[in-house]
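A.B. asks: Dropping a prediction and its sequence here:
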Amino acid sequence: MALVLDERETLKGIYGSHPFGTAQAVDIHAALRSYTIWGARQLFLDTQTGSLEVGKDADIAVWNKNPYKIPSRELRNLHCEITMLSGEIVFDARKNKGPYQGQD
């Protein structure tokens, strides 16, 4: 699943000043909950994953900026600094490598 958190812009205003579908847009809070705790609940995994709590899997992505504090049009420029799966670092941008990088 890909997370699309991008503010839509029209192409040269051909279809008007507002892109189609903006009434169905969600904010960053709802978008991230959709991929974390709400998704875990749908899969009946909310006691194991979906939020940061003692005893749950530590699957975490650390971004270079706080997605809650930047304009939505800048979300496309976020870069992942660290990725952890089950509490283990599997990607570290500072080292520019991880055990899964470059594998098919």
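C.D. replies: That came through fine. Residues are numbered from 1 along each chain as shown.
A.B. asks: Give the closest residue to Gly39 in space, chain neighbours not counted.
C.D. replies: Distance criterion Cβ to Cβ, 6 or more residues apart in numbering; nearest residue to Gly39, sequence neighbours excluded, is Gly50 at 6.7 Å. The C-beta positions use only the backbone N, C-alpha and C, and glycine is treated the same way.
A.B. asks: For Gly87, which non-adjacent residue is closest in space?
C.D. replies: Ala58 (3.9 Å).
A.B. asks: what about that neighbour, how many neighbours?
C.D. replies: When counting by other Cβ atoms under 10 Å, one arrives at 12 neighbours for Ala58.
A.B. asks: oh, and call the first residue 297 from now on, that's how I've got it
C.D. replies: Noted, 297 is the first residue going forward, which turns the last one into Ala354.
A.B. asks: Return the distance of it relative to Gln344.
C.D. replies: 11 Å (Cβ to Cβ, to the nearest Å).
A.B. asks: and what of Ala326?
C.D. replies: When Ala326 is compared with Gln344 (using Cβ to Cβ), they lie 22 Å apart.
A.B. asks: what's the answer for Pro367, then?
C.D. replies: 34 Å.
A.B. asks: Of these two, which one has the most company?
C.D. replies: For Pro367 versus Gln344, the count of surrounding residues by other Cβ under 10 Å is larger for Gln344: 11 against 7.
A.B. asks: For the protein, just list every one of the strands.
C.D. replies: With strands called from DSSP state E, the chain shows them at 356-359, 376-381, 384-388.
A.B. asks: where does this structure have low pLDDT?
C.D. replies: Across the chain, the ranges flagged by pLDDT under 70 are 297-315, 393-400.
A.B. asks: pull the longest helix from it.
C.D. replies: Using DSSP state H to assign secondary structure, the helix with the most residues in the chain is helix 324-331.
A.B. asks: Using PDB, list the CA coordinates for that one.
C.D. replies: Extracted in PDB, the C-alpha atoms of helix 324-331 (Å, rounded to 0.1, in the frame of the first residue of the first chain):
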ATOM      1  CA  ILE A 324      -2.600  14.400   7.800                       C
ATOM      2  CA  HIS A 325      -4.000  13.200  11.100                       C
ATOM      3  CA  ALA A 326      -6.700  11.000   9.500                       C
ATOM      4  CA  ALA A 327      -4.300   9.800   6.700                       C
ATOM      5  CA  LEU A 328      -1.700   8.600   9.200                       C
ATOM      6  CA  ARG A 329      -4.300   7.000  11.500                       C
ATOM      7  CA  SER A 330      -5.700   5.200   8.400                       C
ATOM      8  CA  TYR A 331      -2.300   3.500   7.900                       C
END
